[in-house]
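Colleague: Coordinates for the following, if possible.
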Amino acid sequence: MRDHDTPSDPSTAHALPDDLLDHLLEGCQVIDRAGRYVYVNEAMLRHARHSRDQIIGRRMVDVYPGIEKTEMFANLVPCLEERVHLAMESEFVYPDGSRGWFDLRFTPVPEGVLMFSQEITDRKRAEQRIAHLDALLRGIRGVNQLITRERDPQRLLRRTCEILVQARSFDLCAIVRTAEGRVVLHDAVGLPSRVAGLGDLLRRGELPNCAVRALAVESPVVRPAGADACHGCPAEPAAARPSEGLALRLEADGQVYGVMIASMLAPEPLDEEEQGLLAEAAGDVAFALRSIDLETARSEADQRSKATADRLEAILRSSPDALFSFDVDGRVSAWNDAAERIFGWTAEEAIGRTVQVVPPERWEEHLEFKRRILAGEAFHDLKADRLRKDGTRFPIGISAAPLRDAQGSAIGVTAIVRDLSAANQAERTLQKREETVVVQRQELNDSQLATVLALPKLAESRDDDTGQHIERVRTFARLLAEALRSAHPTDAELTPEFIEHLFQVSSLHDIGKVAVPDAVLLKPGKLTPDEFDIIKTHTTMGARTLDAVLRRYPGNEFLRMGRDVARNHHEKWDGTGYPDRLAGEAIPLSARIAAVADVYDALRARRPYKEPMSHEKARTIILEGAGKHFDPRVVDAFRAVEAALKTVHAEMQD
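Modeller: Next up is the predicted model:
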């Protein structure tokens, strides 16, 4: 058994063969202390969008004029001068104006700096888009909450603009309430120059061109950045940066209440989904204005002391919800326009008759519901299914109370019904978006897992002695863990998830071999003490590699277990192992299991410096190591599955 690693001196990092670096998926470049490119691999050339002849021997500042002003260059300088390791994410602007994002790592090497780059443009754009959608959704939720409590129309316009500007960083958001084409109320939030210019126009009772067009059409009016149609608009001062504009009319139940205007500084245009979300917000504001109008009308009706019948009639005719009443026999006595729209029966068809809005299987439940209301109970916002005239079923929210006569006796039921079809659809749409985000994150995690699990293959490819050592060790580890679980069923740590993770991460135990110099790694004879000290550092170097990934994903238990196995699989039960001289149960259980699997396979293997041992001789060494080298419980598990281990070894020969 031989384990290999590099010394901890980072200046040896470029000791890796260039042909290995040439085939890395990551970009790799070496920059000397004068800032000249001395090596680039094929992946880096794709990132740079240059040929090798255009780069090698030239200074970075000559290849990319102006790069000395970037954050990336500022981080490169201390790496060159102070010999420190650095890592960062950086946005790069190409000479043609296009942009790309890269994950950069700087490592000092004797020549200068070794820089690895991985393109993350798609991920960053996806993150930005998700962040924009999430921020806008939060803003719309804020607007929805606002319209349920804000009854002052001026404050409603002001707070809505503030919420949307804060959510999506618009340079201008304005809402204009109109009546018969006239400006009757307005407010705007954003950059002072844009707000002032638009405010002057609105105070004169005029509207910008985009608003006039939006009032005339149902679909949003999009104004591209710098569009000719908007030159001279007070909302687009000549000295300002060009912005993309969007105008949407405020419409609820077929009535237009005004227009919403929003503009975004280039190059951050609003995509179609964001435009759709803003259209929903505009509809919500229109509904709120309509609700405020209705409440104002009702208040004025109360102040004029209209008769109860008149007030009820106004409510029946104007409510967006279905309002109706029926007597003790179920005959309809009142039926508003919304009831006609929601259920399909006209008032003439419904009043004086019973209408079949209750599904047959719900009839007994409905009778009990009616009995309790006639007995004096009231219900608020119950959820149920009802039938339309055409027989289609749809979800509703219903509030109901007794209908009483002048003496206070219950003579029927009055009900308010809201059609929840649209709300349910919106909820399903939002849920689908959230599920999409979950899938994208899982795909990202799977990609990261595949990358981590590829590392052992890179290590194995440098050491012909190991053969299928990695595959056998992970299989042995699973057999040992399953035997342990059978023997100790109450051990909370030995879960099926623990065993599956151990099977995967056992292959990471020797990833530190990647950085071991070939002269040590491939030496056929006995190692010197200094060479063996280099070998032993593979545990800490492997753990350091996984720690770097773990810092980015601190909640990933798979990576945490992999780090433990890589660092501690050479610790011994009696505390004489390395690198930390841990003893007993201070050694992670995953590493204790991997240690037995690793040693057994190494004893059975043929190496240039030794002949393979028989199963019986290897078994004796393992059993004698109980309580010294190995955890006694794991040795018991070895004894329980030794026949299976022997079979696996025979079937998985190098």
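
Colleague: Kindly confirm whether my reading is correct that R567 touches A543.
Modeller: Yes - with contact defined as Cβ atoms under 8 Å, R567 and A543 form a contacting pair (3.6 Å). (C-beta placed from N, C-alpha, C; glycine too.)

Colleague: Compare neighbour counts for the two and give me the winner.
Modeller: R567 (26 against 22; other Cβ atoms under 10 Å).

Colleague: Contact partners for the more buried one?
Modeller: 539-540, 542-543, 579-580, 591 (Cβ atoms under 8 Å, 6 or more residues apart in numbering).

Colleague: List just the nearest of those to E497.
Modeller: Ranked by distance to E497 (Cβ to Cβ), those are led by A591 at 17.5 Å.

Colleague: so what's that closest one up against?
Modeller: 564-565, 567-569, 571.

Colleague: which non-adjacent residue is nearest it?
Modeller: Closest residue in space to A591, ignoring its immediate chain neighbours: N568 at 3.6 Å, by Cβ to Cβ, 6 or more residues apart in numbering.

Colleague: ditto for G584
Modeller: Sequence neighbours aside, W573 is the residue nearest to G584 in space, at 6.2 Å (criterion: Cβ to Cβ, 6+ apart).

Colleague: burial measure for the one you found, as a count.
Modeller: Using other Cβ under 10 Å, W573 has 23 neighbouring residues.

Colleague: what about it, which SS state?
Modeller: Assigned with DSSP: H, G, I helix; E, B strand; the rest coil, W573 falls in the coil class.

Colleague: Other residues contacting stretch 141-148?
Modeller: 156, 159-160, 163-164, 167, 281, 284-285, 287-288, 291.

Colleague: run the last query once more with 6 Å
Modeller: 159-160, 163, 281, 284, 288 (Cβ atoms under 6 Å, 6 or more residues apart in numbering).

Colleague: Off-centre distance for it?
Modeller: Stretch 141-148 sits 25 Å away from the centroid of its parent chain (Cα atoms, centre = their mean, to the nearest Å).

Colleague: ok, now stretch 468-484?
Modeller: Worked out by Cα atoms, centre = their mean, stretch 468-484 lies 35 Å from the chain centre.

Colleague: Using CSV, write out the CA atom coordinates for it.
Modeller: Once non-C-alpha atoms are left out, stretch 468-484 reads as follows in CSV (Å, rounded to 0.1, in the frame of the first residue of the first chain):
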residue,chain,number,x,y,z
GLN,A,468,-8.8,-0.9,-9.6
HIS,A,469,-7.7,-0.1,-6.0
ILE,A,470,-10.2,2.8,-5.8
GLU,A,471,-13.2,0.8,-7.0
ARG,A,472,-12.4,-2.1,-4.7
VAL,A,473,-11.9,0.2,-1.6
ARG,A,474,-15.3,1.9,-2.1
THR,A,475,-17.0,-1.5,-2.5
PHE,A,476,-15.2,-2.9,0.6
ALA,A,477,-16.3,0.2,2.6
ARG,A,478,-19.9,-0.3,1.7
LEU,A,479,-19.8,-4.0,2.7
LEU,A,480,-18.2,-3.1,6.1
ALA,A,481,-20.7,-0.3,6.8
GLU,A,482,-23.6,-2.6,6.0
ALA,A,483,-22.2,-5.2,8.4
LEU,A,484,-21.7,-2.6,11.1
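
Colleague: Return the set of buried residues in that stretch.
Modeller: Neighbour counts over stretch 468-484 (16 or more other Cβ atoms under 10 Å) mark 469-484 as buried.

Colleague: Equivalent analysis for stretch 379-392, please.
Modeller: Buried positions in stretch 379-392, judged by neighbour count with 16+ other Cβ under 10 Å: 384, 386-387.

Colleague: List just the nearest of the contacts of stretch 141-148 to V109.
Modeller: For those, the minimum distance to V109 (Cβ to Cβ) is 51.8 Å, reached by I163.

Colleague: Would you check that that closest one makes contact with G139?
Modeller: Yes - applying Cβ atoms under 6 Å as the test, I163 and G139 come out as touching, 5.2 Å apart.

Colleague: Where does the prediction get shaky in the stretch 401-550 of the chain?
Modeller: Applying pLDDT under 70 to the stretch 401-550 of the chain flags the ranges 426, 430, 434, 436-467.

Colleague: and F73, how many neighbours?
Modeller: 16.

Colleague: from memory it sits against I67, does it?
Modeller: Yes - counting by Cβ under 6 Å, I67 is a contact partner of F73 at 5.3 Å.

Colleague: Over to the residue lying farthest from the centre of the chain. Which of the three states is it?
Modeller: Distance to the chain centre peaks in the chain at Q407, reaching 61.0 Å (criterion: Cα atoms, centre = their mean). Three-state call for Q407 (three-state DSSP): coil.

Colleague: what about the helices in the stretch 51-200 of the chain?
Modeller: Per DSSP state H, counting those that start in this stretch, the stretch 51-200 of the chain carries helices over the ranges 52-55, 60-63, 71-82, 121-149, 153-168, 192-203.

Colleague: same for the last one, what does it pack against?
Modeller: It refers to helix 192-203. Helices and strands touching helix 192-203, by 3 or more Cβ pairs under 6 Å, 6 or more residues apart in numbering; DSSP states H and E, are strand 182-190.

Colleague: can you tell me which residues contact A618?
Modeller: 600, 603-604.

Colleague: Out of the residues you listed, grab the one that's most surrounded.
Modeller: Using other Cβ under 10 Å as the neighbour test, the contacts of A618 are led by Y600, with 26 neighbours.

Colleague: What's the separation between that residue and F638?
Modeller: Separation of Y600 from F638 (Cβ to Cβ, to the nearest Å): 7 Å.

Colleague: how about the buried residues of stretch 379-392 in a markdown table, adding distance to L45, secondary structure and pLDDT?
Modeller: As requested, the buried residues of stretch 379-392 are exported to a markdown table (distance: Cβ to Cβ, whole Å; DSSP: H, G, I helix; E, B strand; the rest coil; pLDDT from 0 to 100):
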| residue | distance to L45 | secondary structure | pLDDT |
| --- | --- | --- | --- |
| A384 | 65 | strand | 88 |
| R386 | 66 | strand | 91 |
| L387 | 67 | strand | 91 |
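
Colleague: So for stretch 334-353, what gets flagged as buried?
Modeller: 334-340, 342-345, 350-351.

Colleague: Can you name the residues in contact with that stretch?
Modeller: Contacts of stretch 334-353 (Cβ under 6 Å, 6+ apart): 316-317, 319-325, 332, 355, 357, 388-389, 419.

Colleague: next one: stretch 472-487
Modeller: With Cβ under 6 Å, 6+ apart as the contact definition, stretch 472-487 has outside contacts at 494, 499, 502-503, 506-507, 593-594, 597-598, 601, 637, 640-641, 644-645, 648, 652.

Colleague: Are any of the residues you listed buried, and if so which?
Modeller: The neighbour-count test (16+ other Cβ under 10 Å) marks 494, 499, 502-503, 506-507, 593-594, 597-598, 601, 637, 640-641, 645, 648 as buried among the contacts of stretch 472-487.

Colleague: number of nearby residues for I140?
Modeller: Other residues close to I140 by other Cβ under 10 Å number 18.

Colleague: repeat for L24
Modeller: Residues near L24, counting by other Cβ under 10 Å: 16.

Colleague: Can you report phi and psi for it?
Modeller: phi -70, psi 150 (degrees, to the nearest 10).

Colleague: Which positions in stretch 285-293 come out as buried?
Modeller: With burial defined by 16+ other Cβ under 10 Å, the residues of stretch 285-293 counted as buried are 285-292.

Colleague: Give me the contact list for it.
Modeller: By Cβ under 6 Å, 6+ apart, the list of residues contacting stretch 285-293 reads 147, 151, 153, 156, 160, 250-252, 257.
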